[in-house]
Every structure is written in structure tokens, then in C-alpha cells.
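*Asks:* Show me the folded form of this:
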Amino acid sequence: MTPKILIIGACGQIGTELTQKLRKLYGTENVIASDIRKLNTDVVNSGPFEVVNALDFNQIEHLVEIHQITDVYLMAALLSATAEKNPAFAWDLNMNSLFHVLNLAKAKKIKKIFWPSSIAVFGPTTPKENTPQYTIMEPSTVYGISKQAGERWCEYYHNIYGVDVRSIRYPGLISWSTPPGGGTTDYAVDIFHKAIADKKYECFLSSETKMPMMYMDDAIDATINIMKAPTEQIKIHSSYNLAAMSFTPTEIAAEIKKHIPEFEITYNPDFRQKIADSWPASIDDADARKDWGWQHTFNLESMTKDMLEHLG
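*Replies:* Alright, predicted model coming up:
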């Protein structure tokens, strides 16, 4: 049976591309995009769109009922760097929007939820290399604290109420189609824009800061594939580790220089350096690969080529 999908936060970095891919897969009319305001974008203009406040339970419930929604993808969130500037609002948005959809599923009004977690759930005490699925988690950012709490609630609602909620811990995501959204890993998006426009980039992280990253195409595939997987294949109901590549600003700059030889990078670390230092350098995602067949397609070389082709 074709799912009837509601995407909350459809105009964000992930939501934009996820909406388009789901519409291609399931038909435009079966994918309702929604966000807090109606912008003149492809997401808004290419199919059904509703204005919704992710903090308003009644609005979400109304949309679920009138569109007979089966699956909700909750993509609305305040990201790491932005959340540090407004902790109370970040906690409110990131947590209460999740409770709204969990409670709709508990009441049997929807069948399935996708909720994104993040490598921000890890902290300075977590093993940095090949971070395991189950490990010490002492997040040091507002964003990470909200995501870790969210993971616990997802597992609780699954265990106690039988809610079918699925989640992955996104690494840093890189996309050519949407601008950076206020995350600590967003230097790896901005660097491409500046390389093409100015042939130079001042990085807000130090040269050897290694972080797990993923090209948006792979992230979208993972998101859709975990939702398509048969229920019995989903063994983890907190959130799955997910990985593709890890690199430093020095390494991505060197890759860009192969295409734009005159490109130069300088370093001026700011408050985001401390956030980056608290996160893993690489991730062990063996459980996702084993349970529901996760595989990535892009590495640093192929991603750089694709980014420059699209942006150039």
C-alpha cells in the first residue's frame, strides 16, 4: 500500500531534498510538505504544501486527519551552532515537536515515524575513532542533549506503546541544493560556494579537525531505506549510527584544489571549534549495514566532483 506522507520541516536542508525524492517515489499527491512559513521554493511549488508550526499539536493532528497520513518525517529542528544561541527555544522545538508525533502514533493516528538524530549525541568522553553504536554519551551542546533525550523517548515509546519509530544519527551533511543551516559541519558546504565565488575560504575550524561526513544523496537514501525496511529488520529503536567518510578541512581543501588550482584556505577557529572537538572523528555503523542493508555511494573524491559540477 502506498504510504501517505507528511514531512514537517520540509524547507530545511534535508527536508528539501527528501520531499523531492519521496514525491518521485510515491507520487506528488501522496507527499504533503509542511513548514512554519510558505517560501517561494520548489518544495512549496511542486506539490501539496501546508503551513504548520511543529510546536502546535492541534495543527499537526488536523493535517494528519485531513490528509489521512500514515507516515510522518519530523525534520524540524534547531541545529547545533544556532541552538547554542537560543537554548530554551532549541529544547522546546526539538523535544516537543517529537512528543507531538510520538503521541499521534501512540493514539494509532499514524503508523510510522522517522525522526533524525545526530552525531551530536556523543560528547568529549565518547571514543573518537570508530565510535560504537553503544557507548558513553555525554553530549555537551544543547542540540546534542535534545537529540540524546529524543533517542531515549523514541525507544521508550516503542517499548511501552509499540510505536514504530525509526531514526539515524546523521553525520555532517553536504549538499549543493540548499545553503548551510547553522550546523558545525556546515563549513564543508560553505567551502564549495566560496571556492567557486572567491577562490578562497576562511574556515571556522582548525586545519586538522576530522569529522564524519556524508553526501546528501546518501543521507536521503538511508532515510528512505530505513523507512522501507520490514519492521522485523529494525532492531534499534533509539537511533542507528550511520557513516560514509571522515575528513579534515585540509583534506577537503586539497581535493578542491585538484579542480580549482588557485583555491586557498585559511583558518580562524571560533566557538564552533569546541563543538567539533566534542564529536567523533569516525563512526562504526556495522549495525545499520547488517540490519537493513545500509551502503554509502559517495567518498570525498566523488562528492567533491559532484558538488563542483552542480554549483559551477
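
*Asks:* Tell me which residues touch the residue nearest the centre of the chain, please.
*Replies:* Centroid-nearest residue in the chain: residue 170, 5.0 Å away (criterion: CA atoms, centre = their mean). For residue 170, the contact set (CB atoms under 8 Å, 6 or more residues apart in numbering) comprises 14, 116, 117, 118, 119, 214, 219, 242. C-betas here are computed from N, CA, C, even on glycine.

*Asks:* how many neighbours does the closest residue to the third one other than its chain neighbours have?
*Replies:* The reference is to residue 117. Nearest residue to residue 117 in three dimensions, chain neighbours excluded: residue 239, at 3.7 Å (CB to CB, 6 or more residues apart in numbering). By other CB atoms under 10 Å, 25 other residues sit near residue 239.

*Asks:* Surely residue 239 touches residue 154?
*Replies:* Yes - Residue 239 is within contact range of residue 154, at 7.1 Å (criterion: CB atoms under 8 Å).

*Asks:* Next, show the common contact partners of those two.
*Replies:* residue 167.

*Asks:* picking that back up, from the contacts of residue 170, which land in helices?
*Replies:* 14, 219 (DSSP state H).

*Asks:* Dump the contacts of residue 170 to a markdown table, plus pLDDT and neighbour count.
*Replies:* Below are those laid out as a markdown table (pLDDT from 0 to 100; neighbours: other CB atoms under 10 Å):
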| residue | pLDDT | neighbour count |
| --- | --- | --- |
| 14 | 93 | 23 |
| 116 | 98 | 24 |
| 117 | 98 | 22 |
| 118 | 96 | 30 |
| 119 | 95 | 27 |
| 214 | 97 | 25 |
| 219 | 98 | 26 |
| 242 | 98 | 28 |
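
*Asks:* from the contacts of residue 170, which is closest to residue 229?
*Replies:* Nearest to residue 229 among the contacts of residue 170 is residue 242, at 13.6 Å by CB to CB.

*Asks:* what about the closest one, distance to residue 195?
*Replies:* Counting by CB to CB, to the nearest Å, the gap from residue 242 to residue 195 is 27 Å.

*Asks:* Repeat that for residue 212.
*Replies:* 22 Å.

*Asks:* and if you look at residue 250?
*Replies:* 14 Å.

*Asks:* related to what we said a few turns ago, could you pull up the contacting residues of the residue nearest to residue 117?
*Replies:* 117, 121, 147, 151, 154, 167, 168, 169.

*Asks:* any idea what sits nearest the fifth one, other than its immediate chain neighbours?
*Replies:* The spatially closest residue to residue 154, leaving aside those adjacent along the chain, is residue 165, at 4.6 Å (CB to CB, 6+ apart).

*Asks:* what about that neighbour, is that helix, strand or coil?
*Replies:* strand (DSSP: H, G, I helix; E, B strand; the rest coil).

*Asks:* Could you list everything residue 170 pairs with in the sheet?
*Replies:* residue 118 (DSSP bridges).

*Asks:* Pull up the per-residue confidence for it.
*Replies:* As predicted, residue 170 sits at a pLDDT of 97.

*Asks:* Tell me how far it lies from residue 283.
*Replies:* On the measure of CB to CB, residue 170 and residue 283 end up 10 Å apart.

*Asks:* out of residue 250 and residue 195, which sits in the busier spot?
*Replies:* Between residue 250 and residue 195, counting by other CB under 10 Å, residue 195 is the more crowded of the two (26 against 16).

*Asks:* what helix or strand is the more buried one on?
*Replies:* Assessed by DSSP states H and E, residue 195 sits inside helix 187-197.

*Asks:* now residue 266
*Replies:* Per DSSP H and E: strand 264-267 holds residue 266.

*Asks:* which ones are touching residue 189?
*Replies:* For residue 189, counting by CB under 8 Å, 6+ apart, the contacting residues are 174, 175, 179, 180.

*Asks:* how about 6 Å then?
*Replies:* Shown in contact with residue 189 (CB atoms under 6 Å, 6 or more residues apart in numbering): 174, 180.

*Asks:* circling back to that earlier point, buried residues in the helix holding residue 195?
*Replies:* Going by neighbour count (16 or more other CB atoms under 10 Å), the buried part of helix 187-197 is 187, 188, 189, 191, 192, 194, 195, 196.

*Asks:* How much space separates the second one from residue 25?
*Replies:* With the distance defined as CB to CB, residue 188 ends up 27 Å from residue 25.

*Asks:* Equivalent analysis for the third one, please.
*Replies:* From residue 189 across to residue 25, the span is 25 Å (CB to CB).

*Asks:* Residue ranges in the stretch 51-200 of the chain under the pLDDT threshold?
*Replies:* Across the stretch 51-200 of the chain, nothing is flagged by pLDDT under 70.

*Asks:* need the helices for it, in chain order.
*Replies:* 57-66, 80-85, 87-106, 142-161, 187-197 (DSSP state H, counting those that start in this stretch).

*Asks:* Kindly reformat those helices as CSV containing distance to residue 1.
*Replies:* Putting the helices of the stretch 51-200 of the chain into CSV (distance: least, CB to CB, whole Å) gives the following:
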stretch, distance to residue 1
helix 57-66, 17
helix 80-85, 37
helix 87-106, 17
helix 142-161, 22
helix 187-197, 37
